[in-house]
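Visitor: no FASTA, just this:
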Ligand SMILES: O=C(O)CCC(=O)C(=O)O
Ligand SMILES: [Fe+2]
């Protein structure tokens, strides 16, 4: 080998440090530049708020060692959505803008302050939630935790979560959502399809109207959207024979895994975990529509169905929920945003990838009725087909063949 080649081999010892030096200086340049210039894909990383002092410290997570009794069945529930006006006239009276996210799910209402709602408006909102699955509000002023709790309480007895984070201020009916740059790498831990769920469906009377208010979050473009998926529309994606089959099934919803997760992390389990049977297809008392009451988070089996058969249906339903954009609504949070959903008819998931930013929210959930299936209820599409004179959706697959480009 020629001497020059040997010479070339002498350099590697110094090369890494040269690269490191170069990178360091480039990084510093970019950081300086980013203070005054938007650099796509970079600027967001620099804007992480300092951890301390933090305005919402009293709402950061705590795990007090509390013990609560089991939740007893028979909690009274009257759905306020039944008192809502079909055109939502009271709620939307002062709205500056109202628009849907997709035909099947999600509506944003602008210009309405939740803190000022009258009872009539709360009834309209409940009805809108039952029909649209999730409703978004922005630029909320003065929607503090007392107002959020009062709104939830108007709709039903507030749920207290047995395992997840409580706020430091001791409010037991508040569930905290909180991730900082010090949290475990959420993107690596959870793919979204793993996290899709409806809240606490293992309870005998799982919640209906549930609100999440954001306290802190990434800057715009920094990630952390939440996505909802419609269980009414999930039902309408199924063939008539599959609909009929699923209508005969009962699902097992379990809190065991969630409780075990807390124990594994050395955190308290405030109420013993329960396993509850619910009909796999349920009727919403306000719309009268059927929805598949399924979520990949808490459903652990179908009564009388062999494990493998259950697993295939589990995977099929999960795929429809997680990968059908037309039955989903995706919300990008901003300061002052509040999302409220009907937990009986939707699944939802956070999206990760917003580190190093803090993302912090507070959730309040109203206990609803025990799930039931009214055999006379119809599906969302059935009602809309009749109302609008639409052709029923062709479910034999033949329409799809031209859509490969
Ligand atoms: O963090 C989110 O986007 C959703 C959190 C959640 O699942 C909830 O508040 O019920
Ligand atoms: Fe949730």
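Guide: Sure, I can see it. Quantities reported herein were computed from a predicted structural model and do not represent experimental measurements. Ligands and ions are numbered 1, 2, ... in the order given.

Visitor: From residue 68, how far out is whichever residue of the stretch 301-405 of the chain sits closest to ligand 1?
Guide: Closest contact between the stretch 301-405 of the chain and ligand 1, by CB to the nearest ligand atom, is at residue 350 (3.2 Å). Heads up, the C-betas are built off the backbone N, CA and C, glycines and all. Separation of residue 350 from residue 68 (CB to CB, to the nearest Å): 26 Å.

Visitor: More neighbours: the two, which one.
Guide: Counted by other CB atoms under 10 Å, residue 350 and residue 68 do not tie: residue 350 has more neighbours, with 20 against 12.

Visitor: Skipping its backbone neighbours, what lies nearest the more buried one in space?
Guide: Spatially, and ignoring its direct neighbours in sequence, residue 350 is nearest to residue 226 (5.5 Å; CB to CB, 6 or more residues apart in numbering).

Visitor: Check residue 180 too.
Guide: residue 358 (4.7 Å).

Visitor: ok, now residue 101?
Guide: That would be residue 329: by CB to CB, 6+ apart, it lies 3.9 Å from residue 101.

Visitor: check contacts around that neighbour.
Guide: 101-102, 105-106, 133-134, 227-228 (CB atoms under 8 Å, 6 or more residues apart in numbering).

Visitor: Looking at those residues, spot the one nearest residue 304.
Guide: residue 133 (30.0 Å; CB to CB).

Visitor: What count of nearby residues applies to that closest one?
Guide: Residue 133 has 33 nearby residues by other CB under 10 Å.

Visitor: That one touches residue 228, doesn't it?
Guide: Yes: judged on CB atoms under 8 Å, residue 133 makes contact with residue 228 at a distance of 6.1 Å.

Visitor: Overlap of the contact sets of those two?
Guide: Taking CB under 8 Å, 6+ apart as the criterion, residue 133 and residue 228 both touch 105-106, 329, 341, 346.

Visitor: hang on, residue 268 packs against residue 161?
Guide: No: using CB under 8 Å, residue 268 is not in contact with residue 161; the gap is 11.8 Å.

Visitor: Which one of these two is surrounded by more residues?
Guide: Neighbour totals were compared for residue 268 and residue 161, and residue 161 leads with 21 against 14 (other CB under 10 Å).

Visitor: Bridging across strands, which residues link to the closest residue to that one other than its chain neighbours?
Guide: Nearest-residue entry for residue 161: residue 175, 4.8 Å, with adjacent residues in sequence omitted and distances by CB to CB, 6+ apart. When assigned by DSSP bridges, residue 175 has beta-bridge partners residue 363.

Visitor: So which bits of whichever strand or helix holds residue 310 are buried?
Guide: Using DSSP states H and E, residue 310 sits within helix 307-323. Buried residues in helix 307-323, counted by 16 or more other CB atoms under 10 Å: 310, 313-314, 317-318, 320-322.

Visitor: In CSV: those, plus distance to residue 75 and pLDDT.
Guide: Shown next, in CSV, are the buried residues of helix 307-323 (distance: CB to CB, whole Å; pLDDT from 0 to 100):
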residue, distance to residue 75, pLDDT
310, 29, 98
313, 30, 98
314, 29, 97
317, 28, 98
318, 30, 96
320, 31, 97
321, 28, 97
322, 31, 95
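
Visitor: Residue 126 touches residue 80, doesn't it?
Guide: Yes: the criterion here is CB under 8 Å, and residue 126 meets it with residue 80 at 4.3 Å.

Visitor: and for those two, which residues touch both?
Guide: With contacts defined as CB under 8 Å, 6+ apart, the residues adjacent to both residue 126 and residue 80 are residue 155.

Visitor: of the two, who's got more company?
Guide: residue 126 (27 against 23).

Visitor: tell me the SS of the more buried one?
Guide: helix (DSSP: H, G, I helix; E, B strand; the rest coil).

Visitor: coming back round to it: roughly how far does the residue of the stretch 301-405 of the chain closest to ligand 1 sit from residue 316?
Guide: 23 Å.

Visitor: What of residue 283?
Guide: 22 Å.

Visitor: Same question for residue 66.
Guide: 39 Å.

Visitor: what separates stretch 336-344 from the chain centre, distance-wise?
Guide: Stretch 336-344 has its C-alpha centroid displaced from the chain centroid by 8 Å (CA atoms, centre = their mean, to the nearest Å).

Visitor: Stretch 233-246 now?
Guide: On CA atoms, centre = their mean, the centre of stretch 233-246 falls 23 Å from the chain's centre.

Visitor: Stretch 254-267 too?
Guide: 20 Å.

Visitor: Just the buried positions in it, please.
Guide: For stretch 254-267, by 16+ other CB under 10 Å, it's 254-255, 258-259, 262, 267.

Visitor: and which of those is nearest to residue 148?
Guide: residue 258 (23.3 Å).

Visitor: Settle this for me: the closest one is touching residue 163, isn't it.
Guide: Yes: in this structure, residue 258 is within contact of residue 163 by CB under 8 Å, at 5.5 Å.

Visitor: and residue 99, what element?
Guide: Using DSSP H and E, residue 99 sits within strand 97-100.

Visitor: immediately after that strand, which helix or strand?
Guide: Beyond strand 97-100 toward the C-terminal end (DSSP H and E), the next one is strand 107-110.

Visitor: Would you mind listing the buried residues in that following strand?
Guide: 107-109.

Visitor: cool, stretch 172-187 as well?
Guide: Buried residues in stretch 172-187 (16+ other CB under 10 Å): 173-180, 186.

Visitor: Likewise for stretch 273-291?
Guide: 273-274, 276, 278-287, 289-291.

Visitor: ditto for stretch 109-127
Guide: 109, 112, 114, 117, 121-127.

Visitor: tell me the mean pLDDT for it?
Guide: For stretch 109-127, mean pLDDT rounds to 98.

Visitor: Over to stretch 167-183?
Guide: Here stretch 167-183 scores 93 as its mean pLDDT.

Visitor: same check, this time on stretch 132-145
Guide: Here the average pLDDT along stretch 132-145 is 98.

Visitor: cool, and stretch 285-294?
Guide: 98.

Visitor: Pick out the residue nearest the middle of the protein.
Guide: residue 348 (3.1 Å; CA atoms, centre = their mean).
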